[in-house]
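# here is a sequence together with a model predicted from it:
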Amino acid sequence: MATHQEIEESSHDFLDFEKLVQIGAAGEPVLPVAVQDAESLEMLLIAYVNREALRLSLSEGRAVFYSTSRRELWRKGEKSGDMLELAEIRVNCEQNSLLFLVRKTKPGVCHTKDASGQTRPTCYYRKMTVEGILEMLN
C-alpha cells in the first residue's frame, strides 16, 4: 500500500479504483460534488456531501463536505483558512451529483503543499502522460 507522500507527490499512478466501492459498502448516503472556481471555471477538487453537509453549505454560504474517510462533516478551510465561499450550486440531469461554483478566500485549495511550502491552488496539480506517468504542472 502506498503512503500519503507517495500518492500525493510521486510520478507513479496509485489510482484508487476502489474508492466508490468502499463508500457504497460503508452505506454512506452521499453525492459527489465537483468543485469549480466561479470566475476562472478551473476544476478545484471532487468531494462528497451528505444531506447535512448540503444543508449547511446552503445556510452558511460556504462549501461544507462530508469526509468519507473520516466519516464526519468537513468545513473546507476550517483548519487551513482556505475557505470556499459558495457562489452557486448546480444539480445534474439525473440528480445524482452536484457542482459547487465557489470563490476562494485564499489562493490555496488542496491539503497538499508545493515545493515552496505553499498550499496548492487546485487538487489537480499533475497530468498523466500517454505512458501513464504523472507529471507535476507548474
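It's in. Numbering: from 1, shown residues only.
# so what does the helix ranked longest in the chain touch, helix or strand wise?
In the chain, with assignment by DSSP state H, the single longest helix is helix 51-60. Judged by 3 or more C-beta pairs under 8 Å, 6 or more residues apart in numbering; DSSP states H and E, helix 51-60 is in contact with strand 64-67, strand 72-75, strand 84-91. From N, CA and C alone the C-beta is placed, and that goes for glycine too.
# I'd like to check the angle between that helix and strand 84-91, please.
Here helix 51-60 runs at an angle of 120 degrees relative to strand 84-91 (axes from the mean of the first three to the mean of the last three C-alpha atoms, to 10 degrees).
# can you put the helices and strands packed on helix 51-60 in TSV and add mean pLDDT?
Below are the helices and strands packed on helix 51-60 laid out as TSV (pLDDT from 0 to 100):
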stretch	mean pLDDT
strand 64-67	96
strand 72-75	95
strand 84-91	98
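# who are the contact partners of residue 82?
With contact set as C-beta atoms under 8 Å, 6 or more residues apart in numbering, residue 82 has these partners: 76, 104, 105, 106, 108, 109, 119.
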